[in-house]
Structures are given as structure tokens and as C-alpha cells.
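Participant: Any chance you can model this:
(chains A and B)
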Number of protein chains: 2
Amino acid sequence: MKLALEEARKAAGVGEVPVGAVLVMEDLLVSGHNRVIMDADPTAHAEVVVIREAARLTGNYRLPRSRMYVTIEPCIMCVGAIIQARVETLIYGARDLRYGAVESMLEGFSLDVNHKPEIRAGVMEDEARSLMKVFFQARRNGEVPKWS
Amino acid sequence: MKLALEEARKAAGVGEVPVGAVLVMEDLLVSGHNRVIMDADPTAHAEVVVIREAARLTGNYRLPRSRMYVTIEPCIMCVGAIIQARVETLIYGARDLRYGAVESMLEGFSLDVNHKPEIRAGVMEDEARSLMKVFFQARRNGEVPKWS
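Facilitator: Predicted structure coming up:
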């Protein structure tokens, strides 16, 4: 999760919403961050970025025995991507009360979906939440380029 | 929708689940199909494929005034991607009773989400459903390479 937080900081540094993720799978470790603006890709949330990269590297569209660390509770798109990829364990930091689709806006994995990962929430949540707060506060004050 | 069905047929031809999509946005038209297996990308559903391509081509991570045609009711991941991309109008063919996240397994756009497209369902649904039926029937009989 420390590495995921490091990735979130990198995202903030380039004006992206500070969410970072790490995916671990056997001897593979992939890390990444939100890159929606820089890649002009609405689907490039941190979770999708590491899932796509791990699948590309392993040549497999399923990621069995994988563990994902992400700094913020995944949104509905990312919950779907985690299901598609069969991520085995999901560990996240702070809740996203507005868009979180694991326990906040929706309990996505409680639906009749075809894969439910093991879940651990609240890991280093203060650091993750603080990064988001500082970022959005600065953006409101015009201190960070607002691209959208 | 005819073009989306054509894309779905292409997908079936290469052993991918036959779902096709077309995204229209001003003078841009992007078409694509499910390419999860061929790209080793669990997120490469037809909807995500055309969203990513249209965003790349326009250099914008939002797709205002865009219309998406897709042969089958989108899943939860794709509903999320449609929200992220701000697709303005969603037109789809057949329902996916098992995984559809517009009206079947979940009514995704009725949640407290930050974007709700105009929706039209059931367009050329018989053709779309028939492609899926034939594909899965053939796969069960071992007539199409089963990759998963």
C-alpha cells in the first residue's frame, strides 16, 4: 500500500486525481496511477491501468491468485474490471463516499456477480484520504491545473 | 446498429464473445468488438474498446454529444465506462439477463451516479441475441475454440 500511495502522489504531481494501485501476482508486481487526462482515456483509473498491464505481461485475460492494493475504494467501472479480471484479493485504503462501489454508493460485490474477491478495507486510509483532500482543495483554489 | 452487429459477427469469427459497438460523435465514427482474448485484456469489451478509441482520436477523456450503439446490454464495468466517458445516448439490442447492468442484473443508471445517458433498448435485439445463442451453443459443442 505504501507503493500505491507513492503512485497516488505521482498522479497528483501531474494534475491527475491522486489514486494509485499495485497488483501483485506470483513474481509479478505492477504499479500505476490514474492517467485519465494524460492518456485521454476515461477508463484509465489506477485499477484498470494495473489490470491491463498485468494481463498484457502475463498474456492472460484472467489474473488468478492476484492481489490488488488501491488507495481509494473502487468506482463501479473498476469493480466491474476487478470482476472481469478475477482479482482474488482487493485491499483498499479510504472509502469514496460519493462514487465508491464496494461499500458506499453501491455494494457491488454483493450483487449477483460471477466473481467476488476477498476484501480488506481501511488500510492506510488516512494517508489516502489526505492526498485526495489536499488535491481537491488545491484544485478549488486554482493551485493545480484544472484540466476538466 | 447494423454496423455493430457486423462487428459482433467479426468477434465470433475470431472466437470472441460476439458483442459489437459503434460510437458516433460529430463527424467521428468508431466501431469495434469484444477483444478480451486476442488482446489479453479483461477490460476490452466492445463498449470500452470504442470509448478508448474515440477518446484517443479526439484527445479528450470526455465524449460529449456521443451516441453509442451496442448489440448487448452493457455489464457493470461498461456502465461505469459509459458514465466516465459521459456518453450522451446509449442504444442497445438484446438484454443480458445474467450480467446486464442497465435493466437486468442491476439498474446501474438508476443509482446515484454522476451521469445518466439517454437510453433506447431492444433495437434489432433478435439479431443480437441470435448471434450470442449460436456462439455459445457452438462453443458448448466444441465447434469454436474455447480459449477460457
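Participant: can you list the weak-confidence ranges in chain A?
Facilitator: Within chain A, the stretches with pLDDT under 70 are A:144-148.
Participant: Report all helices and strands that the helix ranked longest in it contacts.
Facilitator: Assignment by DSSP state H gives helix A:125-140 as the longest helix of chain A. Packing contacts for helix A:125-140, counted by 3 or more CB pairs under 8 Å, 6 or more residues apart in numbering or on different chains; DSSP states H and E, involve helix A:2-13, strand A:66-72, strand A:89-94. The C-beta positions use only the backbone N, C-alpha and C, and glycine is treated the same way.
Participant: Pull out the buried positions in it.
Facilitator: A:125, A:127-129, A:131-132, A:135, A:139 (16 or more other CB atoms under 10 Å in any protein chain shown).
Participant: Next, the angle helix A:2-13 makes with it.
Facilitator: Using axes from the mean of the first three to the mean of the last three CA atoms, to 10 degrees, the inter-axis angle of helix A:125-140 relative to helix A:2-13 is 0 degrees.
Participant: who's in contact with helix A:125-140?
Facilitator: A:5, A:8-9, A:12, A:17-19, A:71-72, A:93-95, A:144, A:146 (CB atoms under 8 Å, 6 or more residues apart in numbering or on different chains).
Participant: now the helices and strands packed on helix A:125-140 in JSON lines, with distance to chain B and mean neighbour count?
Facilitator: Conversion of the helices and strands packed on helix A:125-140 to JSON lines gives the following (distance: least, CB to the nearest CB, whole Å; neighbours: other CB atoms under 10 Å in any protein chain shown):
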{"stretch": "helix A:2-13", "distance to chain B": "14", "mean neighbour count": "19"}
{"stretch": "strand A:66-72", "distance to chain B": "11", "mean neighbour count": "27"}
{"stretch": "strand A:89-94", "distance to chain B": "15", "mean neighbour count": "23"}
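Participant: can you put the ones you listed in JSON lines and add distance to A:V49?
Facilitator: Listed next are those as JSON lines, based on distance: least, CB to CB, whole Å:
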{"stretch": "helix A:2-13", "distance to A:V49": "9"}
{"stretch": "strand A:66-72", "distance to A:V49": "10"}
{"stretch": "strand A:89-94", "distance to A:V49": "15"}
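Participant: Of all the ones you listed, which one is nearest A:M25?
Facilitator: A:M25 lies closest to strand A:66-72 among those, at 4.0 Å (CB to CB).
Participant: What's the first helix or strand after the closest one?
Facilitator: Toward the C-terminus, strand A:66-72 is succeeded by helix A:76-85 as the next helix or strand (DSSP states H and E).
Participant: CA atoms of that following helix as CSV?
Facilitator: Provided in CSV are the C-alpha atoms of helix A:76-85 (Å, rounded to 0.1, in the frame of the first residue of the first chain):
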residue,chain,number,x,y,z
ILE,A,76,-18.5,1.0,-10.4
MET,A,77,-16.3,0.7,-13.5
CYS,A,78,-13.4,-0.6,-11.5
VAL,A,79,-15.5,-3.0,-9.5
GLY,A,80,-16.6,-4.4,-12.9
ALA,A,81,-13.0,-4.6,-14.1
ILE,A,82,-11.9,-6.4,-10.9
ILE,A,83,-14.7,-8.9,-11.6
GLN,A,84,-13.7,-9.4,-15.2
ALA,A,85,-10.1,-9.9,-14.3
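Participant: and the helix or strand hosting A:L29, which strands flank it?
Facilitator: Per DSSP H and E: A:L29 is located in strand A:28-33. Under the criterion DSSP bridges, strand A:28-33 sits next to strand A:20-25 (antiparallel) in its sheet.
Participant: what does the partner strand contact?
Facilitator: A:1, A:3-11, A:29-34, A:46-47, A:49-51, A:53-54, A:58, A:63-71, A:87.
Participant: Tell me the buried residues in it?
Facilitator: A:20-25.
Participant: between the residues you listed, which is closest to A:M105?
Facilitator: A:A21 (19.2 Å).
Participant: so how far is B:V70 from the closest one?
Facilitator: To B:V70, A:A21 is 27 Å away according to CB to CB, to the nearest Å.
Participant: for A:A40, same thing?
Facilitator: 21 Å.
Participant: do A:V22 as well
Facilitator: 32 Å.
Participant: A:A11 now?
Facilitator: 30 Å.
Participant: try A:A8
Facilitator: 33 Å.
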